[in-house]
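Undergrad: how would this look folded up:
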Amino acid sequence: MRVLFFSSQTYDQDSFTQATAAPGLELHFQPARLTEDTAALAAGHEVVCAFINDDLGASVLQCLAAAGTRLIALRSAGYNHVDLAAAKRLGLAVVRVPAYSPHAVAEHAVALILALNRRLHRAYNRTREGDFTLHGLTGFDLYGKTVGVVGTGQIGAAFARIMAGFGCQLLAYDPYPNPELLALGARYLSLPQLLRQAQVISLHCPLNDATRHLINARTLADLTPGAMLINTGRGALVDTPALIEALKSGQLGYLGLDVYEEEAQLFFEDRSDQPLQDDVLARLLTFPNVIVTAHQAFLTREALAAIAATTLDNITRWAAGNAQNLVEG
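TA: Now for the predicted structure:
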């Protein structure tokens, strides 16, 4: 059975070729992003393995199904980029990786907090230029600060455990309280209450109709002035232009993003020799209290190995008529 990986990078090829695949799986890797223009590359492949910025809208799924694809194997937990109704209509099964390493994403969120707080990005650039002054680099103790965790599934819980280890007070927002956070002493509040009290807020919720632009001009007005916001979840959890206004006014004191709503045309490619065409992202990058990473929170050896193992297992179980981790609309 032939499997085509779209949006594949060197680390994808390494992790999947090192994983134990069932006999009969023939893996092919394609660096191109899956779009209507590139869908024809999947001809003759029963399985297409897609990543978060691949286009899995109705027209692309139609092209894939017409060319013989029967399974969409997502190597991600999120599936908001898949037209599930179209997939069902076309007889395409969709499977995902519901969990790989929650520690990878949680630890990256903490890395952004520490880098922003202690201005490590600015200090690094200064010392490389021979500037060893300390003005403008004053941070704060994390110990005793109030941290808000928005979304308390596996990743949110892993993040909460780390912040509890720093001695932080935990607040949480989620329609389904997690007993693990309650055991850590977290208090579940409404989102406005959390935003008014937390000095650091980290987003770990899925993207759906209820959470799209969860952080917007109205909710940003609820923030403790000068608070820090971290988003390692999905780009569309925040209204990015509203973030810019909050940064300009000082209402938002620090911003760490590993995801961006319009990242599909930007991330995972080297565009250093081209003018940045995205005016919103370009404006964000001018702020000294902003760090943007290019969706790398998942990128650890352990997470890549788990993604590869689960994805290949999903494919072999589906082929055997014992599908797992199905996504249904």
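Undergrad: what's the domain layout of the chain?
TA: Domain segmentation of the chain under the TED database yields 2-100+300-320, 102-292.
Undergrad: which elements pack onto the helix or strand harbouring residue 65?
TA: Assigned by DSSP states H and E, residue 65 falls within helix 58-66. If contacts are counted by 3 or more Cβ pairs under 8 Å, 6 or more residues apart in numbering; DSSP states H and E, helix 58-66 sits against helix 84-90. Where you see a C-beta, it was placed from the backbone N, CA and C, and this is true even at glycine.
Undergrad: output the helix it packs on as PDB, nothing but the C-alphas.
TA: C-alpha atoms of helix 84-90 as PDB (Å, rounded to 0.1, in the frame of the first residue of the first chain):
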ATOM      1  CA  LEU A  84     -15.200  16.200   7.400                       C
ATOM      2  CA  ALA A  85     -18.600  16.400   5.700                       C
ATOM      3  CA  ALA A  86     -17.000  16.200   2.300                       C
ATOM      4  CA  ALA A  87     -14.700  13.400   3.400                       C
ATOM      5  CA  LYS A  88     -17.700  11.400   4.600                       C
ATOM      6  CA  ARG A  89     -19.600  12.100   1.400                       C
ATOM      7  CA  LEU A  90     -16.600  10.900  -0.700                       C
END
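Undergrad: looking at it now, give me its mean pLDDT.
TA: Over the span of helix 84-90, the pLDDT mean works out to 96.
Undergrad: what's it packed up against?
TA: Using 3+ Cβ pairs under 8 Å, 6+ apart, the elements in contact with helix 84-90 are helix 58-66, strand 93-95.
Undergrad: centre of the chain versus that helix, how much separation?
TA: Computed by Cα atoms, centre = their mean, to the nearest Å, the chain-centroid distance of helix 84-90 equals 25 Å.
Undergrad: and stretch 271-278, how far apart are its ends?
TA: 12 Å (Cα to Cα, to the nearest Å).
Undergrad: which residues outside it are in contact with it?
TA: With contact meaning Cβ atoms under 8 Å, 6 or more residues apart in numbering, stretch 271-278 is reached by 262, 265, 266, 282, 285.
Undergrad: stretch 52-61 too?
TA: Contacts for stretch 52-61 (Cβ under 8 Å, 6+ apart): 6-7, 33-36, 39, 50, 72, 76, 78, 81-83, 85-87, 90, 92, 263-264, 267-268, 295.
Undergrad: and for stretch 11-25?
TA: The contact list for stretch 11-25 (Cβ under 8 Å, 6+ apart) reads 1, 3, 5, 27, 29, 75, 299, 304-305, 307-309, 311-312, 315-316, 319.
Undergrad: identify those among those residues that sit within helices.
TA: Here DSSP state H is the test, and these give 304, 305, 307, 308, 309, 311, 312, 315, 316, 319 as lying in helices.
Undergrad: quick check: pLDDT value at the spatially most central residue of the chain.
TA: Geometric centre of the chain, nearest residue: residue 233, 4.1 Å, by Cα atoms, centre = their mean. Looking at residue 233, its pLDDT stands at 95.
Undergrad: quick check: phi and psi on it?
TA: phi -90, psi -90 (degrees, to the nearest 10).
Undergrad: for beta bridges, what are the partners of the residue lying closest to it once chain neighbours are set aside?
TA: Excluding its sequence neighbours, the residue lying closest to residue 233 (Cβ to Cβ, 6 or more residues apart in numbering) is residue 203, at 4.6 Å. Taking DSSP bridges as the rule, residue 203 bridges to residue 150, residue 231.
Undergrad: quick one: residue 203 from residue 173, how far?
TA: Using Cβ to Cβ, to the nearest Å, residue 203 is found at 10 Å from residue 173.
Undergrad: show me whatever sits in contact with both of these two.
TA: 150, 151.
Undergrad: residue 7 is in contact with residue 267, isn't it?
TA: No: here residue 7 lies out of contact with residue 267, judged by Cβ atoms under 8 Å, at a distance of 10.0 Å.
Undergrad: so where's the stretch 201-329 of the chain uncertain?
TA: Along the stretch 201-329 of the chain, the model assigns pLDDT under 70 to residues 329.
Undergrad: since that was my last question, I'll sign off now.
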